[in-house]
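Undergrad: coordinates only, sequence not included:
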């Protein structure tokens, strides 16, 4: 059995971000199969309320900080495609198109194999 933690942050505010930036791949469930290089602060501090209403503050770095910033953007109506440089966005969209063509090709081949079995 796997165990995992669920964190709930109500009314979060990013109150500090490091000057150290990290450039890394990001994806988003709103844009399936699209992966873009996005630059974000490596470390952040967040003030929030927990599920009891208690005010808290926490510092995050690395992938956790990236995920929080990504979701914080969603809460503010910002999607990750707007954070990408125009050329990076075009390149990512082109790669996604090629990937989808491959998926379609493999899906058709699989369907043909299934028909043969029936």
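TA: In hand now; what should we look at? Here the structure is a predicted model, which means the values were calculated and not measured.
Undergrad: name the helices or strands packed onto the longest strand along the chain?
TA: The longest strand of the chain (DSSP state E) is strand 31-41. For strand 31-41, the packing partners by 3 or more C-beta pairs under 8 Å, 6 or more residues apart in numbering; DSSP states H and E come out as strand 21-28, helix 62-75, helix 86-117. Just so you know, the C-beta spots here come from the backbone N, C-alpha and C atoms, and that holds for glycine as well.
Undergrad: report the buried residues of the last one.
TA: Right, helix 86-117. For helix 86-117, the buried set under the neighbour-count rule, 16 or more other C-beta atoms under 10 Å, comprises 89, 92, 96.
Undergrad: just stretch 27-34 next, same as before
TA: 28, 31, 34.
Undergrad: quick one: list the elements packing against the lowest-mean-pLDDT helix or strand in the chain.
TA: Within the chain, no helix or strand scores below helix 86-117, which has a mean of 90 by mean pLDDT, DSSP states H and E. Secondary-structure packing of helix 86-117 (3+ C-beta pairs under 8 Å, 6+ apart): strand 31-41.
Undergrad: now the angle from the strand it packs on to strand 21-28?
TA: 160 degrees (axes from the mean of the first three to the mean of the last three C-alpha atoms, to 10 degrees).
Undergrad: which other residues reach strand 31-41?
TA: Contacting residues not belonging to strand 31-41 are listed as 17-28, 65-66, 69-70, 79-81, 83-84, 88-89, 92-93, 95-96, 99-100 [C-beta atoms under 8 Å, 6 or more residues apart in numbering].
Undergrad: on that earlier part again, could you identify the helix or strand that succeeds the longest strand of the chain?
TA: Following strand 31-41 in sequence order, the next helix or strand is strand 43-49 (DSSP states H and E).
Undergrad: alright, that wraps it up for me.
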